[in-house]
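Student: Pasting the sequence and the predicted coordinates here, then a few questions.
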Amino acid sequence: MRNVSVKNKPVLSTGGKALYGLGDLGFSLVTNTIGSFFMFFGTTVCGVSGSLMGLAYSIATVWDALTDPIVGYLSDRKRSVLFGRRHWYMFIAIFGMAIVNVLLWNVPQEASSTVKFLWFVCAMMLFNLMTTFYNTPNSALSVEITGDYNERTAIQSVRSVFMLVGTILPTVLMSIMQAPTAEYADGRYNPASYTNMAYITSAVLLVCATLSFMGSFSQVPRLKAKLEKEERPPKKSLFTIFKDFFTVLKKPIYRNVILAYSISLMATAFLTSAGFHLFTYSFTLDTTVMYALVASLFLMTIFSQPVWIWIVKRFDKRTAVLSGIVVSIVGVLYLLGVFIVRASISPDSLALTLFPGLALAGGGIGALYSMPSGMMGDAITVEKMKTNVDNTATYTGFMTLGNKLSQSVALLFIGVLLDLIGFREGATTQPESVQWGLGWLVFIGVLVALIGGFIFYSKYDLKKSDIPNAEDSEGEEDCGTVVVGRAEDFPEERE
């Protein structure tokens, strides 16, 4: 087998990485606005029961999960003269996401709960299809754009920073959108605040994603030249595509990443979908304080990125992600303690008391955002160097499939539990029993997800020394010397 040795220079400059990552800001802003506020919007503003909202989420998320490997497979086989194999799908999705995002939040408020439920299901399914068209090819592009272990980490970290900025912005913007009015003393119950937010987030998405598209489009000629040296994935039926998902799960290196990623990020479903209920009803925080605390959590996910990058360079990605989970667990246990004794804490000092736990939880979660894609990319790189077949988008689609299936389970579980603990949809206050139920729902759910993720990440045994550090080559003139090596120079997949 041939091992290509090339000049060690970054594929993307610092500015190029920033421009490419800008797309994740717009994408994250839109998707996290939905993830953070849609359950609250549906249950308290629209008066839809928690079970129906959980079911709507689950239907749309399962649909979303099923489309990921299909779009990934189509993207791997795409051979467009102008767009390469990734950018055509991203181009369609940029405009599709922006349009459907506006429709999603403009549900007729005078309609019945059944009509609202159907509106949510249809709009979310269409929106999730557009996100698949954007995110699955884009995730594959971020993996294949460089073959360097450390640069791949840097690119994923830059993407994570922009994604986390997009995670923070919804809380900042919504706190402005939900200023008190004559009709709504508490802006969280004002339907117009959510529709206005949709217009803003769609506009930001269009600008950011378009700039990112234009910036990464310059890499298409280089990637097309690389593509000519690879074998095209064979044609497959839908049955075969999904059968391959279970075949991939038989390989420990992929199974451990997919399961760890899927289970650990269930923690974010509990934090975002039920967290605002917890802060509103159990901690009884006002709008400004609540959004400030949530923003501090996500800010720490950004500020922690240099720490995780340093750990990767000093050790490896596995060490970084396991350390992040431990830090998050410590933060969540602290918050659980505050929740239990909240009645003895002065309302004036409650926010300050909550902050250390949120900072620890947010800092640890930062590793869960930036490391897994790079870990999956490393495994794909090893396989591609041995087979000369690029399944990057297909495999990252499988990763997303597992994550979204777990998210659908978590969201359905949350919706049903909201009803079981007696949550009163559309109410501005909740009984004490519901306040306690919300706390146990959030904290136990988050802890179980983090511990499950830790177990599977600890089984990931691909080391930095196993990764071939071969940069993409466009020809001997630009890439340096071609070195011929043996197949055994690359580690076999550990069965």
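Tutor: Happy to help now that I have it.
Student: State the helix or strand in which the closest residue to Lys236 other than its chain neighbours lies.
Tutor: Once flanking residues are discounted, Lys236 sits nearest to Tyr73: 6.4 Å by Cβ to Cβ, 6 or more residues apart in numbering. Heads up, the C-betas are built off the backbone N, CA and C, glycines and all. Under the criterion of DSSP states H and E, Tyr73 resides in helix 50-77.
Student: Run through the neighbouring helices and strands of the next helix or strand after that helix.
Tutor: Toward the C-terminus, helix 50-77 is succeeded by helix 87-105 as the next helix or strand (DSSP H and E). Of the remaining helices and strands, those touching helix 87-105 by 3 or more Cβ pairs under 8 Å, 6 or more residues apart in numbering; DSSP states H and E are helix 14-40, helix 50-77, helix 113-144, helix 191-217.
Student: Quick one: these as JSON lines, columns for mean neighbour count and mean pLDDT too.
Tutor: As requested, the helices and strands packed on helix 87-105 are exported to JSON lines (neighbours: other Cβ atoms under 10 Å; pLDDT from 0 to 100):
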{"stretch": "helix 14-40", "mean neighbour count": "23", "mean pLDDT": "88"}
{"stretch": "helix 50-77", "mean neighbour count": "22", "mean pLDDT": "84"}
{"stretch": "helix 113-144", "mean neighbour count": "22", "mean pLDDT": "90"}
{"stretch": "helix 191-217", "mean neighbour count": "19", "mean pLDDT": "92"}
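Student: For Ala292, find the nearest of those helices.
Tutor: Comparing these by their distance to Ala292 (Cβ to Cβ), the top pick is helix 14-40, with 14.5 Å.
Student: Can you name every helix or strand that the closest one contacts?
Tutor: For helix 14-40, where contacts count as 3+ Cβ pairs under 8 Å, 6+ apart, the packed elements are helix 50-77, helix 87-105, helix 113-144, helix 149-177, helix 191-217, helix 266-273, helix 275-277, helix 392-420.
Student: one step back: hmm, the residue nearest to Lys236 is touching Thr396, no?
Tutor: No: between Tyr73 and Thr396 no contact is recorded; they are 11.1 Å apart, counting by Cβ atoms under 8 Å.
Student: Who are the packing partners of the host helix or strand of Arg255?
Tutor: Using DSSP H and E, Arg255 falls within helix 252-264. Helices and strands touching helix 252-264, as assessed by 3+ Cβ pairs under 8 Å, 6+ apart, comprise helix 238-249, helix 347-387, helix 392-420, helix 432-457.
Student: Check these for me and report the most buried one.
Tutor: Across the helices and strands packed on helix 252-264, averaging neighbours per residue (mean count of other Cβ atoms under 10 Å) puts helix 392-420 on top, at a mean of 23.
Student: between it and helix 113-144, how big is the angle?
Tutor: 150 degrees (axes from the mean of the first three to the mean of the last three Cα atoms, to 10 degrees).
Student: Figure out how far helix 392-420 is from the centre of its chain.
Tutor: Relative to the centre of its chain, helix 392-420 is centred 11 Å away, using Cα atoms, centre = their mean, to the nearest Å.
Student: quick one: Leu205 from Lys243, how far?
Tutor: Here the distance between Leu205 and Lys243 works out to 35 Å (Cβ to Cβ, to the nearest Å).
Student: In space, what's closest to the most centrally placed residue in the chain - neighbours in sequence excluded?
Tutor: In the chain, the centroid-proximal residue (Cα atoms, centre = their mean) is Tyr369; its distance is 6.8 Å. Leaving aside its chain neighbours, Tyr369 sits nearest to Ser160 (4.6 Å; criterion: Cβ to Cβ, 6+ apart).
Student: May I ask you to confirm that that neighbour is in contact with Ala367?
Tutor: No: taking contact to mean Cβ under 8 Å, the distance of 9.3 Å between Ser160 and Ala367 leaves them out of contact.
Student: For the residue nearest to Tyr369, give me its contacts.
Tutor: Ser160 makes contacts with Asp24, Thr301, Gln305, Gly366, Tyr369, Ser370, as judged by Cβ atoms under 8 Å, 6 or more residues apart in numbering.
Student: which one of those residues sits closest to Ile340?
Tutor: Thr301 (25.4 Å).
Student: SS state for the closest one?
Tutor: Secondary structure for Thr301, judged by DSSP: H, G, I helix; E, B strand; the rest coil, is helix.
Student: and the gap between it and Glu425?
Tutor: Relative to Glu425, Thr301 is positioned 31 Å away (criterion: Cβ to Cβ).
Student: hang on, Leu211 packs against Leu22?
Tutor: Yes: taking Cβ under 8 Å as the definition, Leu211 is a contact partner of Leu22 at 5.4 Å.
Student: which residues do the two both contact?
Tutor: In terms of Cβ under 8 Å, 6+ apart, Leu211 and Leu22 are not both contacted by any residue.
Student: Give me the phi and psi angles of Gly337.
Tutor: phi -60, psi -40 (degrees, to the nearest 10).
Student: What is the neighbour count of it?
Tutor: Residues near Gly337, counting by other Cβ atoms under 10 Å, number 13.
Student: residue contacts, the nearest residue to Thr210 once chain neighbours are set aside?
Tutor: Nearest in space to Thr210, with sequence neighbours left out and distances taken as Cβ to Cβ, 6+ apart, is Ile94 at 6.2 Å. The neighbours of Ile94, taking Cβ under 8 Å, 6+ apart as the test, are Tyr134, Leu205, Leu206, Ala209, Thr210, Phe213.
Student: thinking again about what came up before, just want the angle from the helix holding Tyr73 to helix 87-105.
Tutor: Interaxial angle of helix 50-77 relative to helix 87-105 (the same axes, to 10 degrees): 170 degrees.
Student: Need the per-residue pLDDT for the nearest residue to Gly275 once chain neighbours are set aside.
Tutor: Spatially, and ignoring its direct neighbours in sequence, Gly275 is nearest to Val442 (6.0 Å; Cβ to Cβ, 6+ apart). Reported pLDDT at Val442 in the predicted model: 94.
Student: my guess is Val442 meets Leu278, correct?
Tutor: Yes: because the distance of 5.0 Å satisfies Cβ under 8 Å, Val442 is recorded as touching Leu278.
Student: hang on, the earlier thing: who touches the residue nearest to Gly275 in this structure?
Tutor: Taking Cβ under 8 Å, 6+ apart as the definition of contact, the neighbours of Val442 are Phe270, Leu271, Ala274, Gly275, Leu278.
Student: returning to that earlier point: could you list every helix and strand that the helix holding Tyr73 packs against?
Tutor: Using 3+ Cβ pairs under 8 Å, 6+ apart, helix 50-77 is in contact with helix 14-40, helix 87-105, helix 113-144, helix 238-249, helix 392-420.
Student: can you tell me which of those comes nearest to Ile345?
Tutor: Nearest to Ile345, of those and by Cβ to Cβ, is helix 14-40 at 24.0 Å.
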